[in-house]
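>>> sequence first, predicted coordinates after that:
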Amino acid sequence: MDYQFVDSFRKPQVQHNWFLDLNPLSKLNIIIILAIIPILSHSWQVSVAVITFYFVLAVASNRLKQFSKVYVRLALLIGSLLFIMRAMFIPGEDTLMKIGFITITQEGVDHGARFASLVVAICGALVFYSVATQARDLMLALEKKGVPHTATYVILSSLQSIIDLGRMSKIIMESQKARGIETEGKAMNRIKAFFPILGPLFLGAISNSEEKAIAMDARAFYAPEKNTHLRELRPVPMSEKLILVIVNLAFIAFIVWRVIG
Amino acid sequence: MNCITLKDVSYKYPYTEDFVLANINYQFEKGKFYGIIGPNGSGKTTFCNLLRGMIPHFFHGDLSGDVLIEGQDVRDWNSDLLSTKIGYIFQNPFTQISGIKETVFEEIALGLENLGVEKEELIERVVEVVKLLKLEKLIKKNPNNLSGGQKQRVAFASIIAMNSDILVIDEPTSQLDPESTDEIFKIINLLKEQGKTIFLVEHKIDLIAEYADEVIVLNQGQIARSGLTADVLSDLSLLQMGVTLPQATLLSYDLQKIDKAIDTISITKSQVKDQIMKRVGV
């Protein structure tokens, strides 16, 4: 028996990193502010600054690899798609280029850059939060704030269901393959093989959810007693509360400045 | 003292024509180990759902007769309280894992968290159950990534950690190898010795013969035979219902055919062995 592991539940779960060890709701507070700033600023430069700040935070919280792996791909895909679409179809007076019936204008390029950087910055908030916070810690923090555990269970189990569905679809595809059905090669072959599995996949998931409900009932999920928790979050220190107050005041000041300015 | 009493109980699932259980009468005593056997489709799992109070609280359908749990009609029980009173381990280990815990240790603790057990006691109880089921090597693993047999043992551990007075166990060894199966049966027997009432559905009839106090044979939704394990499992007519008898019973009958080689029919290996040793004078 690994008693060190068992003893780890006797104290708050910490990762010895100043950002990662912030309360999940404090992190959420900061991230939401970071996501809203580019929306209010209407400037691509601010969006880029916020995106850069995510990378700085990722380095500081030792999550650069996980963050970059997802974010760079997502940013390139969404950012370039939005930029191209806006740049090509937003009308303007200052024409930069004409390709057939498409006229690319300076206004379109500016709008595209602003909009794409804004969306990429918002995506960055989501991606960074997901790599810097474990969903179970967020749910635990929410439960401590009075959110019913049925609600947090639904969220956590929905996240797990996505993984389970992916795993199950692979199993069904493998069994289809074993029966001689072509599941690889041309896109059309893959589509033909994939669509028929959706029925059994989702019906199976619905049927499993009934058994899951019984299983949770067997674990006294609806027992009238007040829940206790094996995992424990670090109590929020005064310094963290102070940081939050400063960040929130600065944000309010920014809003006031935007409104007045 | 009776813990569960069934009086003229019949049940059919919603939107179905036929009764899955019909005219069931039985008085189950506290602290006994009941083996529930029967061919496939005989209503064993529905019987478990009835004993656990899932019928009528979860599966509505058409329930007639009286189901008394500790003297109180099941319909009057608060279903939330029933979950603390009667532990239920069911067939499919894949859906018994909560899916929200990242280690086996936390998975086993989930039921205790729901019961509001204080942390120190909770940790001690989980450690105790982990040792009992020899799950030490699994405690740090993600329960979602375990094999069927491992999930089954974790699901079993999760329920026995909750320390319910009554345990309804539906085929707990379907995914297990013979060695793990023997271990599970020893643990079930240990729970019985601790005074718990056990209802066990199991196809491994030799083990039922070894451990159960009484056996109930279900066939087409009715109790076809019931009584002391030795009496029920020595009844050859069970073979006609598609119920397998213990190997020891069959061997006993075969030996009796040979000039009455043994005096009585035995249902366990050790009993047959004793009889043979006695006969050969060892």
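On my side now, so go ahead.
>>> contacting residues for the residue in the stretch 1-150 of chain A that chain B sits nearest to?
Closest approach between the stretch 1-150 of chain A and chain B, counting by Cβ to the nearest Cβ: A:Met1, at 4.6 Å. In this view, the C-beta of every residue, glycine as well, is placed from N, C-alpha and C. Residues in contact with A:Met1 (Cβ atoms under 8 Å, 6 or more residues apart in numbering or on different chains) are B:127, B:130-131, B:136, B:139.
>>> repeat for B:Asp170
Neighbouring residues of B:Asp170 by Cβ under 8 Å, 6+ apart: B:44-45, B:48, B:88-91, B:201.
>>> can you rerun that using 6 Å?
Residues in contact with B:Asp170 (Cβ atoms under 6 Å, 6 or more residues apart in numbering or on different chains) are B:45, B:48, B:90-91, B:201.
>>> helix, strand or coil for A:His16?
Recorded secondary structure, A:His16: coil (DSSP: H, G, I helix; E, B strand; the rest coil).
>>> could you count how many residues lie near it?
By other Cβ atoms under 10 Å in any protein chain shown, the residues close to A:His16 number 7.
>>> three-state assignment of the closest residue to A:Met216 other than its chain neighbours?
Excluding its sequence neighbours, the residue lying closest to A:Met216 (Cβ to Cβ, 6 or more residues apart in numbering or on different chains) is B:Ser98, at 6.7 Å. Three-state assignment for B:Ser98 (three-state DSSP): coil.
>>> what does B:Ser266 give?
Under three-state DSSP, B:Ser266 comes out as coil.
>>> how about the contacts made by it?
B:248, B:252, B:272, B:275.
>>> who's in contact with the last one?
By Cβ under 6 Å, 6+ apart, the contact set of B:Gln275 is B:262, B:266.
>>> buried residues in the one helix or strand it maps to?
Using DSSP states H and E, B:Gln275 sits within helix B:269-279. Across helix B:269-279, burial judged by 16 or more other Cβ atoms under 10 Å in any protein chain shown covers B:271-272, B:275-276.
>>> tabulate those residues (a markdown table), appending pLDDT.
Formatted as a markdown table, the buried residues of helix B:269-279 follow (pLDDT from 0 to 100):
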| residue | pLDDT |
| --- | --- |
| B:Gln271 | 88 |
| B:Val272 | 85 |
| B:Gln275 | 83 |
| B:Ile276 | 83 |
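>>> of those, which pair is most distant in space?
Based on Cβ to Cβ, the longest span within these runs between B:Gln271 and B:Ile276 and measures 9.9 Å.
>>> could you list the low-pLDDT ranges of the stretch 151-282 of chain B?
Regions of the stretch 151-282 of chain B meeting the criterion pLDDT under 70 cover residues B:260-261, B:282.
>>> near chain A, anything from stretch B:109-118?
Yes. Shown here: stretch B:109-118 in contact with chain A (Cβ under 6 Å from any Cβ of the partner chain) through B:109-111, B:113-116.
>>> for ChimeraX, what selects the buried ones among the residues you listed?
Here is the ChimeraX selection string for the buried members of the residues of stretch B:109-118 next to chain A, based on 16+ other Cβ under 10 Å:
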select /B:109,110,111,113,114,115
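>>> from the residues of stretch B:109-118 next to chain A, which land in strands?
Among these, no member falls in strands (criterion: DSSP state E).
>>> and the longest helix for chain A?
helix A:187-218 (DSSP state H).
>>> can you pull the buried residues of that helix?
In helix A:187-218, counting by 16+ other Cβ under 10 Å, buried: A:193, A:197, A:201, A:208, A:212, A:214-218.
>>> repeat that for stretch B:147-160.
Neighbour counts over stretch B:147-160 (16+ other Cβ under 10 Å) mark B:149-160 as buried.
>>> now the residues you listed in JSON lines, with secondary structure and distance to chain A?
Below are these laid out as JSON lines (DSSP: H, G, I helix; E, B strand; the rest coil; distance: Cβ to the nearest Cβ, whole Å):
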{"residue": "B:Gly149", "secondary structure": "helix", "distance to chain A": "17"}
{"residue": "B:Gln150", "secondary structure": "helix", "distance to chain A": "16"}
{"residue": "B:Lys151", "secondary structure": "helix", "distance to chain A": "11"}
{"residue": "B:Gln152", "secondary structure": "helix", "distance to chain A": "12"}
{"residue": "B:Arg153", "secondary structure": "helix", "distance to chain A": "15"}
{"residue": "B:Val154", "secondary structure": "helix", "distance to chain A": "12"}
{"residue": "B:Ala155", "secondary structure": "helix", "distance to chain A": "8"}
{"residue": "B:Phe156", "secondary structure": "helix", "distance to chain A": "11"}
{"residue": "B:Ala157", "secondary structure": "helix", "distance to chain A": "12"}
{"residue": "B:Ser158", "secondary structure": "helix", "distance to chain A": "7"}
{"residue": "B:Ile159", "secondary structure": "helix", "distance to chain A": "6"}
{"residue": "B:Ile160", "secondary structure": "helix", "distance to chain A": "12"}
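>>> fine by me, we can end here.
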